[in-house]
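> Below: sequence and its predicted model.
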Amino acid sequence: MREKILIVDDIQANTQLIAAILEQFNYETVEANSGMEALELLKDHNVDLVLLDIMMPEMDGIETCRRIKKDSQNIDLPIIFLSARNDTDIVVQGFKVGGHDYISKPFDNDILRIRIKTHIELKRSKMQLNKAHQELQQLNSTKNGFMRLMSQNLKQPVSEILKINHLLKELVDSKELAVYINKLNSSVKQLEKFSSTAVLLNDLKLNSNELDMAQVSLQRLVNEALLQQSAAISSHNLQFEMKPIASDLQVSGEKKLLVLALVKLFEAIISNYEKGTKTLIEVNQEHDRIKMILEVRGELDPESKEQLNFSRNLSLMLSKLILELHGFEISSYQSISGEGFIKIIF
């Protein structure tokens with residue numbers, strides 16, 4: 001199917017001449033000899049591009065372009081202005097009202113053909129990208145719905161298994177069976193944590209442009225996160241120590257999410273290091289950025305398969321996503337002597 005081009009010029013001889021040229025290049029053409037006629041033709045014809053003369057009586061090309069673009073269906077319709085006037089102000093006006101290109105009269109036929117071909121291909125590519133984007137959004141929406149449904153459906157059976165495990169633990173005398181029950185209990189809790197964290201990750205990606213930003217104290221963020229993890233820290237016999245901060249350093253972000261990022265960060269350390277591990281937290285200001293270093297002094301749990309790896313540890317993945325949504329940076333590395341380090345740049 002041939003591309004269709006609307007030619008608009010108040011002189012009929014000009015539209016006929018351009019139409020004859022474009023026919024040679026295998027384009028279908030529609031002609032209008034005024035801005036009003038062009039607007040009417042666009043209601044009945046689905047065109048791929050408009051060639052628009054600027055200097056026309058009653059309604060000039062600038063006003064015609066403005067009215068064409070007023071219709072939401074024509075937002076991406078390419079409009080190339082044609083004019084014998086080489087006036088910068090007129091050209092700038094044309095671009096401001098939605099024009100895509102400008103060709104001076106008299107024009108070279110090959111240049112006209114190449115400009116038309118380029119703009120039609122750009123329009124087609126944009127349409128394909130928009131379609132692909134819509135399809136991806138639909139797939140993402142389906143995936144998010146599935147994740148949420150999966151999490152909700154897991155809650156009840158997980159809760160039931162935990163209750164049964166608790167009853168079994170009370171009834172069973174065998175130490176060997178008790179060990180297996182404890183392992184099952186731990187695995188079910190991991191499954192519960194995985195499903196809820198996965199949903200959190202999806203929700204954050206969906207609502208990444210809706211952060212409620214405010215200045216918050218970094219000391220308070222750390223204190224609140226440590227308080228939320230105090231029971232787990234105590235039960236695992238771990239230590240978290242924050243070195244005194246010279247001044248009350250502030251960071252910009254959504255407090256609730258930043259606390260969650262630190263909670264998940266501490267959770268990763270708690271669940272992957274052996275009892276007795278000590279984590280030192282040091283905060284310094286370097287120029288206009290704040291640097292937080294977490295030095296983890298301890299041995300990794302032999303059964304831990306996740307370690308401090310952002311691509312494998314779900315808690316770290318969530319923490320990283322939250323921090324990066326705020327424009328912050330987080331990384332981890334290990335010293336030769338075996339200490340683990342996590343660095344956050346606010």
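Sure, I can see it.

> drop to CA atoms for contacts and neighbour counts, all remaining ones
Fine.

> What does residue 245 show for phi and psi?
phi -100, psi 130 (degrees, to the nearest 10).

> pretty sure residue 240 is in a helix, no?
No: looking at residue 240 with DSSP: H, G, I helix; E, B strand; the rest coil, it is strand, so not inside a helix.

> Can you give me every residue that contacts residue 275?
By Cα atoms under 8 Å, 6 or more residues apart in numbering, the residues touching residue 275 are 236, 237, 238.

> Would you confirm that the last one contacts residue 270?
Yes: using Cα atoms under 8 Å as the test, residue 238 is close enough to residue 270 to be in contact (7.4 Å).

> Looking at those two, which is more packed in?
More crowded of residue 238 and residue 270, by other Cα atoms under 10 Å: residue 270, with 23 against 19.

> any idea which helix or strand carries that one?
Residue 270 is part of helix 255-272, with elements assigned from DSSP states H and E.

> Kindly report the same for residue 77.
Here residue 77, judged by DSSP H and E, is contained in no helix and no strand.

> burial of it, as a residue count?
By other Cα under 10 Å, 21 other residues sit near residue 77.

> Ok, residue 78 next?
23.

> Kindly report the same for residue 217.
Close neighbours of residue 217, defined as other Cα under 10 Å, add up to 15.

> same question, residue 118
12.

> swap in residue 125?
Residues lying near residue 125 (other Cα under 10 Å) number 12.

> Can you check the pLDDT for it?
Per-residue confidence (pLDDT) for residue 125: 88.

> can you map out the helices along this structure?
Using DSSP state H, the helices of the chain run over 12-24, 35-44, 61-70, 88-96, 109-171, 175-206, 218-228, 230-235, 255-272, 314-325.

> Switch those over to a markdown table; also include distance to residue 346.
Formatted as a markdown table, the helices of the chain follow (distance: least, Cα to Cα, whole Å):
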| stretch | distance to residue 346 |
| --- | --- |
| helix 12-24 | 58 |
| helix 35-44 | 53 |
| helix 61-70 | 43 |
| helix 88-96 | 39 |
| helix 109-171 | 29 |
| helix 175-206 | 19 |
| helix 218-228 | 10 |
| helix 230-235 | 24 |
| helix 255-272 | 11 |
| helix 314-325 | 8 |
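
> do you know which of these lies nearest residue 249?
Judged by Cα to Cα, the one of those that comes nearest to residue 249 is helix 218-228, at 5.9 Å.

> just checking, what packs against the closest one?
When contacts are defined as 3 or more Cα pairs under 8 Å, 6 or more residues apart in numbering; DSSP states H and E, helix 218-228 sits against helix 255-272.

> and the helix it packs on with helix 218-228, angle?
Interaxial angle, helix 255-272 versus helix 218-228 (axes from the mean of the first three to the mean of the last three Cα atoms, to 10 degrees): 50 degrees.

> if we look at helix 255-272, which residues are touching it?
Taking Cα under 8 Å, 6+ apart as the rule, helix 255-272 contacts 213-214, 216, 221-222, 224-226, 228-229, 232-233, 236, 238, 296, 300-301, 304, 306-308, 313, 315-316, 318-320, 322-323.

> what sits against residue 215?
Residues in contact with residue 215, defined by Cα under 8 Å, 6+ apart, are 250, 251, 252, 253.

> Tell me how many other residues crowd the last one.
When you say that, I think you mean residue 253. 21.

> Give me the neighbour count for residue 4.
Around residue 4 there are 18 other residues, counting by other Cα under 10 Å.

> weakest of the helices of the chain by average pLDDT?
helix 175-206 (a mean of 64).

> What score does residue 304 have for pLDDT?
On the pLDDT scale, residue 304 is placed at 62.

> Leaving out sequence neighbours, find the closest residue to residue 23.
residue 29 (7.5 Å; Cα to Cα, 6 or more residues apart in numbering).
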